[in-house]
Each structure stands twice: as C-alpha cells, then as structure tokens.
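Novice: pasting the sequence and the predicted model now:
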Amino acid sequence: MERVCVLYPCYFHAGLRRAQGRRVPKALAVRDPSLADLKDALKKCGCSFRTEEKHHPAHWHKREGRVVVDYEGPKSALILKVARALEVKR
C-alpha cells in the first residue's frame, strides 16, 4: 500500500534555514524552487502526484502550493530523491 507524502517548495529552498522549513542539506538545495520545478523533478523520479493550491503553515503569505505524492517508503528518502532531481536546476 502506498502512502501519501506532502512536499512544499520551501523544503528545497537554499535561501531558508532549517528552522524556516528547509528539509535538505544546503548542498542539495536550489534557489527559488517553484511548484513547476517540483512537478518536473517528480516526473523524472517516476512518482505519481497531484498538486494543491495550499500553502505551508509557516509560509502562509506566499501561497506557493504543494504536491501530494503517492510514495512507498520514508518521506525523508522521497525528499532526497526529489532534491537530487532538482539539482539540474542549479
């Protein structure tokens, strides 16, 4: 059974500190990731997903959206997988 993982662009934002919502190491973070960038990275990873017009609670004013991913395994592994796919954007 696959479980649902929610990913926000701020998880991959190089300009944020960990306390501000970044979930990846600085070396894997990118500058100004967008929802479209996340969608492209998830397509590269072969994950099924859907987007939602919701926002991260800590960044309610940005309204950047989120991606809901069907993924078997730990969320941390998914985040690293997506971060590596986003590296091409750098």
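Specialist: That came through, no problem. Numbers count the residues shown, from 1 in each chain.

Novice: contacts only, for the residue lying closest to Ala29 once chain neighbours are set aside.
Specialist: Of all residues not flanking Ala29 in the chain, Ala14 sits nearest, at 3.7 Å (Cβ to Cβ, 6 or more residues apart in numbering). From N, CA and C alone the C-beta is placed, and that goes for glycine too. Residues in contact with Ala14 (Cβ atoms under 8 Å, 6 or more residues apart in numbering) are Arg22, Lys26, Ala29, Val30, Arg31.

Novice: list only buried entries from these.
Specialist: Of the members of these, the ones counted as buried by neighbours, 16 or more other Cβ atoms under 10 Å, are Arg22, Ala29, Val30.

Novice: so who does the closest residue to Glu53 other than its chain neighbours touch?
Specialist: Among residues not flanking Glu53 along the chain, Gly65 sits closest, at 5.6 Å (Cβ to Cβ, 6+ apart). Applying Cβ under 8 Å, 6+ apart to Gly65 gives the contacts Pro9, Leu35, Thr51, Glu52, Glu53, Lys54, His55.

Novice: return the subset of these lying in helices.
Specialist: Members of these lying in helices (criterion: DSSP state H): Leu35.

Novice: of the contacts of Gly65, just the buried ones, PyMOL syntax please.
Specialist: Command for PyMOL that selects the buried part of those, burial taken from 16+ other Cβ under 10 Å:
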select buried, resi 9+35+55
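
Novice: and of the contacts of Gly65, the nearest to Ala77?
Specialist: In terms of Cβ to Cβ, no member of the contacts of Gly65 lies closer to Ala77 than Pro9, at 18.8 Å.
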